[in-house]
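Engineer: Here's a sequence, model it:
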Amino acid sequence: MKKIFTRALQIILLAIFLMIFAFPALKILAEDNQDMEEFCEMTRIDSECKKLSSVECRKLLEKCDQYFQEKAAEIEKDISITEAKKKTLQNQIYILRKKIKKLDYQIYQNNLMIKDLNFQIDDTQSSIEKTSKKIEDSKKKLTNILRKIYEQDQRSMIEILLEEETLSDFFDNLVALETLNSKNRELLKDIKKLKVDLENQKKALDEEKGELERAVKIQMLQKQESANAKRQQEYYLKLTEAEYQKQLKEKEEIEKKAAEIRSRIFELIGVPKAPTFGEALEIAKYVETITGIRPAFLLAILTQESNIGKNVGQCYLTDPKTGEGIYVKSGRKTPRVMNPKRDVGYFLDICKELGRDPYHTLVSCPMSYGWGGAMGPGQFIPSTWVLYKDKIKSITGKDPDPWDIKDAFLATGIYLKDLGGTQNEWRAAMRYFSGATWKKYEEFYGNSVISLAKKYQADIEILEKQNQ
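Structural biologist: Next comes the predicted model:
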């Protein structure tokens, strides 16, 4: 009895040892009391993931993602409470610190998403390589079979009969030939199936790279917003409470702000002449009469799209077959400037209709993954632009130009209306950014657009007040 008890205890201790040391991911995921913020630093995660399988690593990423999501939500709640209090300098500094911390959490969260997407891309690429190898192997086998069948087809039945020593050998050859034909059909069927699998895998890879591209774009916007918040915090730290209150109360500050609005350049890349804020507002109001899209919301979308990286409108297409192009400033070659299957044909047609040289017309450059090729301030890819060109032409009476500021505003307004922008601006912004996959993405893009729209609305009201 004692031996049985001792043996059972040994088994239990061995199981505990394996759970703790042989499966580190289980140990990591079980430690709820650890300092998650320190543990979820990317350098620490990279170190831990080297010890884990891809499945275990992704579980770790999911846990950290949940942690950062919860922390960001806590900070947002804290910010809302503080904003409701009296506007003091200390409160404003506190809010900015919290916003910076929240953005840090969101950037961490995005890093996790990017890492997870890289795992998915690696897995898919590995599957594509395996499927491609299977196709090549099947092709070789098929070639050998076809060669044998061809060799047999070159001989007549009499030649085969005379060469065989017995009638039985002759029939054995016929059976073998029929078997080859059967294997031939099986291989052809397998190759067709493998080709379908390969196309599906390539499509999945393109989608995963597109998701990665959007994640990188969101991260860039987060970093830009964080930098702006830090600059604002530095400015406030130099003020006294009296100076801050004076700025809030003085009418001259409002008039100064309105003057700045009137002279501010609405920075859009990819147009010959960027409009002033006042000019952009007039176009946005014109679009509102046709689409019902609020001007402040339209301007926020266009600003957000133009602020996604400095590579917007900085590339030329050079090879329509591959989609290769160059960076305009450096002349350096770069692949994936435009998707040759999806967009190049439409792009060439658009340029032909407008009398543009397609190889000297600015389009967006590619980022780390995915394709470039977006046109003008609305950042429409050619295959999307053609869906709206007839609607625009029916309104303006001319072929629409994605690089024309009025046409670009109008196309963006029509697109946002189709996405439900007159009922739910936040959702329309998310769908504008990522299409049907918008639910996969964190709320940052939509929140950022709505925040920009609020600022523009305040600017518009001040401008209109000054013009009364």
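
Engineer: Give me the domain ranges for this protein.
Structural biologist: 1-33, 36-231, 265-467 (automatic domain parsing).

Engineer: ok, and which of those has the densest surroundings?
Structural biologist: Comparing the domains of the chain by mean neighbour count (mean count of other CB atoms under 10 Å), domain 265-467 ranks first with a mean of 18. In short, each C-beta sits where N, CA and C put it, glycine included.

Engineer: any idea of the mean pLDDT for that domain?
Structural biologist: For domain 265-467, the mean per-residue pLDDT is 85.

Engineer: try stretch 70-79
Structural biologist: For stretch 70-79, mean pLDDT is 76.

Engineer: who touches it?
Structural biologist: Contacts with stretch 70-79, where a contact means CB atoms under 8 Å, 6 or more residues apart in numbering, come from 37, 95, 98-99, 101-102, 105-106, 109.

Engineer: run the last query once more with 6 Å
Structural biologist: Contact with stretch 70-79 is made by 95, 98, 101-102, 105-106, as judged by CB atoms under 6 Å, 6 or more residues apart in numbering.

Engineer: okay, that stretch in CSV with CA atoms only?
Structural biologist: The C-alpha trace of stretch 70-79 is given here as CSV (Å, rounded to 0.1, in the frame of the first residue of the first chain):
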residue,chain,number,x,y,z
GLU,A,70,-8.8,47.0,-20.3
LYS,A,71,-6.2,49.5,-19.1
ALA,A,72,-7.0,51.8,-22.0
ALA,A,73,-10.7,51.6,-21.1
GLU,A,74,-9.9,52.5,-17.5
ILE,A,75,-8.0,55.5,-18.5
GLU,A,76,-10.7,56.7,-20.9
LYS,A,77,-13.2,56.5,-18.0
ASP,A,78,-10.8,58.5,-15.8
ILE,A,79,-10.3,61.2,-18.6
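
Engineer: Return the distance of that stretch from the chain's centre.
Structural biologist: 25 Å (CA atoms, centre = their mean, to the nearest Å).

Engineer: Ok, stretch 231-250 next?
Structural biologist: Between the centre of stretch 231-250 and the centre of its chain there are 38 Å (CA atoms, centre = their mean).

Engineer: Buried by neighbour count: which residues of it qualify?
Structural biologist: Of the residues in stretch 231-250, those buried by neighbour count under the rule 16 or more other CB atoms under 10 Å are 232-233, 236, 244.

Engineer: Just the residues you listed: which are in helices?
Structural biologist: Secondary structure from DSSP state H places 232-233, 236, 244 of those in helices.

Engineer: Save those as a markdown table, and put in pLDDT too.
Structural biologist: Formatted as a markdown table, these follow (pLDDT from 0 to 100):
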| residue | pLDDT |
| --- | --- |
| Gln232 | 79 |
| Gln233 | 81 |
| Tyr236 | 76 |
| Tyr244 | 71 |
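
Engineer: tell me which of these is nearest to Gly376?
Structural biologist: Gln232 (30.8 Å; CB to CB).

Engineer: Quick check: closest non-adjacent residue to the closest one.
Structural biologist: Nearest residue to Gln232, sequence neighbours excluded (CB to CB, 6 or more residues apart in numbering): Leu96, at 5.9 Å.

Engineer: who's in contact with that neighbour?
Structural biologist: Neighbour list for Leu96: 229, 232-233 [criterion: CB under 6 Å, 6+ apart].

Engineer: Need those residues in TSV (columns: distance to Glu211).
Structural biologist: Shown next, in TSV, are these (distance: CB to CB, whole Å):
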residue	distance to Glu211
Ala229	27
Gln232	32
Gln233	33
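
Engineer: Kindly indicate which of those lies nearest Val337.
Structural biologist: Ala229 (33.6 Å).

Engineer: Tell me the one of the contacts of Leu96 nearest Asn447?
Structural biologist: Nearest member of the contacts of Leu96 to Asn447, counting by CB to CB, is Ala229, at 13.9 Å.

Engineer: following whatever helix or strand Ala280 lives in, which helix or strand comes up?
Structural biologist: Following DSSP states H and E, the helix or strand that holds Ala280 is helix 277-291. Per DSSP H and E, the first helix or strand lying C-terminal to helix 277-291 is helix 295-306.

Engineer: sorry, back to before: show me the contacts of stretch 70-79 that map onto helices.
Structural biologist: Short answer: the contacts of stretch 70-79 in helices (DSSP H) are 95, 98, 101-102, 105-106.

Engineer: can you give me the strands for the stretch 301-450 of the chain?
Structural biologist: Assigned by DSSP state E, counting those that start in this stretch, the strands in the stretch 301-450 of the chain fall at 315-319, 324-327, 333-334.
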